[in-house]
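Q: would you be able to build a 3D model of this:
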Amino acid sequence: MPDVFEVLRDVHGDVRLLLAALENSPGHAAGASQPVLRARKAAAGRLVTDATRHAAAEGEHLWPAVRDRLGDGNMLADEALARDLAAGEALARLDKVESDDDEFDELLAEIIPAVRGNLEFEEVRVWPQLRQALSPFQARELGDQLRDAAERAAARPQPGAPARPKGRKAADSAVAVAGKLNNAATRRRAG
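A: Residues are numbered from 1 along each chain as shown. Sure, this is the predicted structure:
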């Protein structure tokens, strides 16, 4: 049974993989082929799904635990939730734009560093303190809660609306989607 930090580490790893694949593949302005553009749209869609579910699960379980267990928990949770809200709004816009639109690449240029900053904030500012505040049992219990909540969460951002369980699993894993994008971009460069 994985603990909260293992669950979060796995989600963060998937998100980083998607960010790197999007960042390292050519966009519309760079003359990307249709297969690359389709793969970029799929990777962005998976990023939207994963980040949305992750934020909903954290809002339901992680940030309340941070508030309850850490001396500066309210400040940390407030900052994290503000970051998540801003990222969620940008992701909602990205979800509506096609990959052959220049706005798609502009939004990615905004989203990629913001999401990386959110991940780093959690890992550097929150996890060390929370690790000290939770027993191994509590860390496993919180990990189960996060995983279950992410599976129930809505797959699409709904800015301004509270996350509500709607349940829908994405077909491909982040690894598979990022791999397809990397393969499409590699074929483009080779061809």
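Q: is residue 30 located within a strand, as I assumed?
A: No - under DSSP: H, G, I helix; E, B strand; the rest coil, residue 30 falls outside any strand and is assigned coil.
Q: what's the local residue count around it?
A: 10 (other Cβ atoms under 10 Å). All C-beta atoms are positioned from the backbone trio N, CA, C, and that covers glycine.
Q: what pLDDT is listed against it?
A: On pLDDT, residue 30 comes in at 88.
Q: packing partners for the helix or strand of the chain with the lowest mean pLDDT?
A: Lowest mean confidence among the helices and strands of the chain (mean pLDDT, DSSP states H and E): helix 174-190, at a mean of 70. Using 3 or more Cβ pairs under 8 Å, 6 or more residues apart in numbering; DSSP states H and E, the elements in contact with helix 174-190 are helix 4-23, helix 34-57.
Q: for it, which positions count as buried?
A: By neighbour count with 16 or more other Cβ atoms under 10 Å, helix 174-190 contains the buried residues 174, 177-182, 184-185, 188.
Q: which residues does that helix contact?
A: Outside helix 174-190, the residues within contact range by Cβ atoms under 8 Å, 6 or more residues apart in numbering are 14-15, 17-18, 20-22, 24-26, 32-33, 35-36, 38-40, 42-43, 45-47, 50, 172.
Q: stretch 17-34 too?
A: So stretch 17-34 is contacted by 36-37, 39-40, 43-44, 46-47, 50, 99-102, 104-105, 108, 112, 115-116, 174-175, 177-178, 181-182, 184-185, 188 (Cβ under 8 Å, 6+ apart).
Q: equivalent analysis for stretch 83-93, please.
A: Around stretch 83-93, the neighbours that count as contacts under Cβ under 8 Å, 6+ apart are 47-48, 51-52, 55, 58-59, 103, 107, 110-111, 114-115, 117-118, 121, 156-159.
Q: flag every buried residue along that stretch.
A: So for stretch 83-93, counting by 16+ other Cβ under 10 Å, buried means 83-84, 87-88, 90-93.
Q: so how far is that stretch off the chain centroid?
A: On the basis of Cα atoms, centre = their mean, to the nearest Å, stretch 83-93 is displaced by 10 Å from the centre of the chain it belongs to.
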